[in-house]
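Asks: Let me see the structure of the following:
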Amino acid sequence: MGNIVGNPIDEAKKKEIEDLVQAILHTFTTEYVKAYGVALLEKIEQDVTEQPEEWELLERPEEERSTEPLKEGYLVKQGGVRKNWLKRYFVVQPDYKVAYYETEEAFRNNKDPKGVIAPCGYSVQHDPVQNRLEQLAQTARKMGAAVADLPKPDAVPDHCFEIHHTRRRCYFIQAENADEKRDWVKAFKRCAWKCRGFKSDDEVSNTAFIMGIRATRHDLGRWGWWSFGGTESQILTDLIVEEVDYTVMSDVYQNLKGPATLRWMARSQVLKVLDTMVSGAVATSWAAMKKIITTVRERAEPIVRSKMSLIYESKEKIQEKITDACLDRIRPVLGEKVAPRLSTILEILFSPMSEAFSETRSIFEDCLDTMLKTIEQKNGFGSDMRGLFRPLDRAPRSWYTMYKANKKVDTMEVPLWGLRQFFDDIEPSELISEGQEAIAKVLDNAVYTFESELMEMIKDSSKDLTAPQAAAAVHQCKESVQEKFSQDGHKATVSYFKGIMVTLAMPVMMKVVNPICEPILKPIADLVPEELSDVLDVEKLFEETVEKVVQGAIDAVVDPACASHAALAQNGAKGSE
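Replies: Numbers count the residues shown, from 1 in each chain. Next up is the predicted model:
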């Protein structure tokens, strides 16, 4: 196990760790394979079912999304090996990875970056020293040591923040001043939330992987929020190391001998060895899992496509059985744990999101006003329509442009933390990021719809239009898009409210109802036809049943409140005409 002070891991403990690692890998493999069949069925159902038009605005196609950087500028970064501080030019890429170059000139001349930070799975710490002190306090508790006896974290320069991970390389970055630090911290937080590290391009496989991770945590008794990110192997390794550390290692840390500093060094070495052990086991298992998934796909896909009628019939029959058997056990839990909190959640979300969408609409109108001034200066559209559209295209992705709208959403943070007494795994930063993503998406759709309608209106004549004619075309498209913006803003707000409520409620519900209903579900599982066993999972159908009950309670709270607000807004708009 390596040269560890005092040899804290004996052969018996090593065997215990290895057995737990293999048990978790076996559990995940089982859950992942089940989830793949379920995800495959969902994907094929989407492909063969005509989806109703939900939105008024057009959605920008992926191939037309901008490839321009989301943010760029100079920062100072601590080196990973020599720990010296070097000025680098940072560029947030459209995929939310952050590249850094020796100079801005190197970036402009398409030189290779000095490095790329993929922040998926990381947290962004505004105060690195305080974060390290909190980490030390946790370590001291596990070791049974006093915090004062452990090595203190090194001081960092002013305006420094940390891109932190408990087991991967951490990055210490310094901004020039407090305002720049604030903006870059927000930028990195968004990157950490949006960046995706999966190596697979298979949508079904990626969906199944996430489902498998969550199901494995539930099997381990870990309910609630768990923020994760990285490659598939990194995520699986993080899950297993965390479980081993929680389940097996506490007595190892307690039994470390010698002065606290040496024990701390020993614990650090133990964790490195543990990481290496788990990473090796995961790498071997993940390679085998991918082969198993290929076999499942080849076996299941033809069955799904040829037996959709039987699948629908069997699903309906099984869900009826689940509802009949479990509803009386689900409703009391809903009434006690979730329903009394829904109005409070809505109160926290309602004003910030409504005000954020109002601010976003103002941003859209301001961008069009700027375009009209440009048209007047050019005496028409000119020859570069893409250049004319560029400020519009940048707006939804610009931290500066979206600052006021995002600030409205940020005000939810403190009251969301107050919900922790009911939803103990709540992570406000994630919920806030989802809200900011929702408003940015509606704005991007509005921009794309405006551009599409304008280009259709002036096709073949853009260069010939005078400034007044061009301005009239802009105003006409603006009025058309504003109405759609209002409708989609309302829909997106309602969708966000309901999505957050489901996110908060389901772990609480499943933690209680799952053990209550588990004995009832076992005989129901026998109703699944053998030929459909790869794609119909009773546990997943049970979760859908619980979510349907939860969704009904959420609809009863959200729909009347949002309908009333929409009616008031519409009457106010008519009164101002």
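Asks: Tell me which other helices or strands the helix or strand harbouring Gln234 touches.
Replies: Assigned by DSSP states H and E, Gln234 belongs to helix 232-247. Secondary-structure packing of helix 232-247 (3 or more C-beta pairs under 8 Å, 6 or more residues apart in numbering; DSSP states H and E): helix 11-48, helix 203-219, helix 260-306. In short, each C-beta sits where N, CA and C put it, glycine included.
Asks: Could you list every helix and strand that the helix or strand following that helix packs against?
Replies: As assigned by DSSP H and E, the chain's next helix or strand after helix 232-247 is helix 250-254. Counting contacts by 3+ C-beta pairs under 8 Å, 6+ apart, helix 250-254 packs against helix 128-143, helix 260-306.
Asks: Could I get the buried residue list for the helix or strand following the longest one?
Replies: Read in the C-terminal direction, the helix or strand following helix 260-306 is helix 308-333, with elements assigned using DSSP H and E. By neighbour count, with 16 or more other C-beta atoms under 10 Å as the criterion, the buried positions of helix 308-333 are 311, 314-315, 318-319, 321-322, 325-326, 330, 333.
Asks: Bridged to the closest residue to Tyr171 other than its chain neighbours, which residues?
Replies: Excluding the flanking residues, the one nearest Tyr171 by C-beta to C-beta, 6 or more residues apart in numbering is Ile163, at 4.0 Å. Counting by DSSP bridges, Ile163 forms beta bridges with Val124, Tyr171.
Asks: avg pLDDT for the helix holding Gln234?
Replies: The pLDDT scores in helix 232-247 average 90.
Asks: Number of residues surrounding Val91?
Replies: By the other C-beta atoms under 10 Å criterion, the neighbourhood of Val91 contains 19 residues.
Asks: and it, which of the three is it?
Replies: Recorded secondary structure, Val91: strand (DSSP: H, G, I helix; E, B strand; the rest coil).
Asks: hang on, the earlier thing: deepest of the helices and strands packed on helix 232-247, which one?
Replies: Stretch with highest mean neighbour count among the helices and strands packed on helix 232-247: helix 203-219 (a mean of 20; mean count of other C-beta atoms under 10 Å).
Asks: Identify all contacting residues around that helix.
Replies: Applying C-beta atoms under 8 Å, 6 or more residues apart in numbering, the contact partners of helix 203-219 are 24, 27-28, 31-32, 34-36, 38-40, 42-43, 198, 200, 223, 226, 228, 232, 235-236, 239, 293, 297, 510, 514, 539.
Asks: Kindly report the same for stretch 389-399.
Replies: 66, 68, 70-71, 183, 186-187, 190, 363-364, 367-368, 370-371, 401-402, 406, 440-441, 443-444, 447, 450-451.
Asks: Of the helices and strands packed on helix 250-254, which shows the lowest average pLDDT?
Replies: Lowest mean pLDDT within the helices and strands packed on helix 250-254: helix 128-143, at a mean of 79.
Asks: Show me the contact partners of that one.
Replies: Contacts for helix 128-143 (C-beta under 8 Å, 6+ apart): 125, 145-147, 149-150, 152-153, 155-156, 160-162, 164, 166, 172, 249-250, 253-254, 256, 260, 263-264, 267.
Asks: Likewise for stretch 180-192?
Replies: Here stretch 180-192 makes contact (C-beta under 8 Å, 6+ apart) with 70-71, 73, 75, 90, 92, 96-98, 119-124, 126, 159-161, 163, 173, 175, 229, 399-400, 406, 429, 433, 436.
Asks: swap in stretch 11-30?
Replies: When contacts are defined by C-beta under 8 Å, 6+ apart, stretch 11-30 is touched by residues 1, 9, 212-213, 216, 219-220, 236, 239-240, 243-244, 247-248, 252, 274, 277-278, 281-282, 285, 288-289, 292.
Asks: Okay, now the unreliable bits of the stretch 451-577 of the chain?
Replies: Within the stretch 451-577 of the chain, the segments meeting pLDDT under 70 span 462-463, 566-577.
Asks: Recalculate using a threshold of 80.
Replies: Residues of the stretch 451-577 of the chain meeting the criterion pLDDT under 80: 460-464, 565-577.
Asks: one step back: would you mind getting the angle between the helix holding Gln234 and helix 260-306?
Replies: In terms of direction (axes from the mean of the first three to the mean of the last three C-alpha atoms, to 10 degrees), helix 232-247 departs from helix 260-306 by 130 degrees.
Asks: Tell me which stretches of the stretch 401-550 of the chain form helices.
Replies: Assigned by DSSP state H, counting those that start in this stretch, the helices in the stretch 401-550 of the chain fall at 403-410, 413-417, 428-458, 467-525, 538-575.
Asks: Any idea which of those gets closest to Gly115?
Replies: Closest approach to Gly115 among the helices of the stretch 401-550 of the chain is made by helix 428-458 (24.5 Å; C-beta to C-beta).
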